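Asks: predicted model and sequence below, questions to follow.
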Amino acid sequence: MADKKTTEAVGKILEESKKLNRKFKQNIDVVINLKNIDLNIPKNRIEEEIILPHGRGNTAKVALFASGELAVKSKKHVDILIKPEEIEDLAKDKKKFKKIVDDYDFFIAEAPLMPTIGKSLGTVLGPRGKMPKPVPPNADISGMANNLRNTVKVRSKTSKTFHTIAGNANMSKEDIASNIDALIKRVESVLERGRMNIGSIYIKTTMGPSERII
């Protein structure tokens with residue numbers, strides 16, 4: 001069951017979002033501010049992928065680098081399939097590939113292709129935190145893709161303030177609050193001093209005012 005304070009805060013920002021009368025589906029943004037931690041030390045940085053218990057609201061888009069049988073049997077389970085012969089062309093057309101990287105949330109790749117991807121496309125994927133997860137040629141892509149569709153990435157780099165999403169405004173306040181609690185629990189688990197390293201956490205809809213929950 002979601003934390004009562006979180007649920008009440010979510011209810012408040014959802015009510016505020018209704019007043020804005022926005023026609024597009026607003027996300028629920030979570031802004032985390034850390035304290036008493038040196039993020040210039042790589043081991044202190046946050047880089048987590050978290051499966052939200054009630055989904056993202058808008059499912060994440062998954063891209064797959066694959067060839068042969070894996071490509072054939074997995075094509076229907078992903079949003080875009082990139083074959084080995086396309087990698088060189090994308091490396092030459094960085095503008096086109098940057099658009100693909102911006103449009104898709106997660107990348108997975110047949111393990112033998114990883115060295116080629118890293119060498120040819122790593123300069124675009126790496127800085128965006130989207131280097132592919134390697135998978136064996138006989139992997140079950142359907143299960144992996146389904147998990148990724150409900151996953152969000154939490155990435156601090158060297159900034160003590162970073163954000164992610166916890167759903168959208170069409171979801172129930174209880175489900176959103178449960179997602180937020182899962183996010184916070186995961187972030188706390190990888191911080192050196194747990195909640196003591198969290199200065200504050202705010203939630204808001206895309207266009208609405210923020211509400212502090214920690």
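Replies: On my side now, so go ahead. Numbers count the residues shown, from 1 in each chain.

Asks: hey, let's count contacts and neighbours off CA atoms from now on
Replies: Fine.

Asks: wait, a helix at P134?
Replies: No: residue state for P134 (DSSP: H, G, I helix; E, B strand; the rest coil) corresponds to strand; a helix is not indicated.

Asks: domain parsing for this protein?
Replies: Annotated domains of the chain cover 4-57+150-212, 62-148 [automatic domain parsing].

Asks: Throw those domains into a markdown table and include mean neighbour count and mean pLDDT, thanks.
Replies: Shown next, in a markdown table, are the domains of the chain (neighbours: other Cα atoms under 10 Å; pLDDT from 0 to 100):
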| stretch | mean neighbour count | mean pLDDT |
| --- | --- | --- |
| domain 4-57+150-212 | 18 | 94 |
| domain 62-148 | 16 | 95 |
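
Asks: where do the strands of this structure begin and end?
Replies: For the chain, strands defined by DSSP state E occupy the ranges 27-34, 47-51, 62-65, 80-82, 106-110, 133-135, 151-155, 161-168, 198-205, 210-212.

Asks: I'd like those as CSV, with distance to D3 appended.
Replies: Compiled in CSV, the strands of the chain are given as follows (distance: least, Cα to Cα, whole Å):
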stretch, distance to D3
strand 27-34, 15
strand 47-51, 18
strand 62-65, 31
strand 80-82, 38
strand 106-110, 30
strand 133-135, 33
strand 151-155, 20
strand 161-168, 15
strand 198-205, 14
strand 210-212, 14
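
Asks: nearest to I13, out of these?
Replies: Comparison of the strands of the chain against I13 by Cα to Cα identifies strand 198-205 as nearest, at 6.1 Å.

Asks: what residues does that closest one touch?
Replies: Applying Cα atoms under 8 Å, 6 or more residues apart in numbering, the set of residues contacting strand 198-205 from outside is 9-10, 13-14, 17, 26-35, 168-169, 188, 210-214.

Asks: pull the CA atoms of it into PDB?
Replies: Taking only C-alpha atoms (Å, rounded to 0.1, in the frame of the first residue of the first chain), the coordinates of strand 198-205 have been written out as PDB:
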ATOM      1  CA  ILE A 198      18.100  12.800   0.100                       C
ATOM      2  CA  GLY A 199      17.600  16.500   0.500                       C
ATOM      3  CA  SER A 200      14.100  16.700  -1.000                       C
ATOM      4  CA  ILE A 201      11.700  15.100  -3.500                       C
ATOM      5  CA  TYR A 202       9.100  16.900  -5.400                       C
ATOM      6  CA  ILE A 203       6.400  15.600  -7.700                       C
ATOM      7  CA  LYS A 204       4.500  17.500 -10.400                       C
ATOM      8  CA  THR A 205       2.500  17.000 -13.600                       C
END
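
Asks: what's the end-to-end length of stretch 78-94?
Replies: End-to-end distance of stretch 78-94: 22 Å, with Cα to Cα, to the nearest Å as the criterion.

Asks: now it: how far from the chain's centre is it?
Replies: The chain centroid and the centroid of stretch 78-94 are separated by 22 Å, computed with Cα atoms, centre = their mean, to the nearest Å.

Asks: what does that stretch rub up against?
Replies: Residues outside stretch 78-94 that contact it (Cα under 8 Å, 6+ apart): 61-67, 71, 75, 96-97, 113, 117, 120-121, 124, 142, 145.

Asks: nice, that's everything, thank you.
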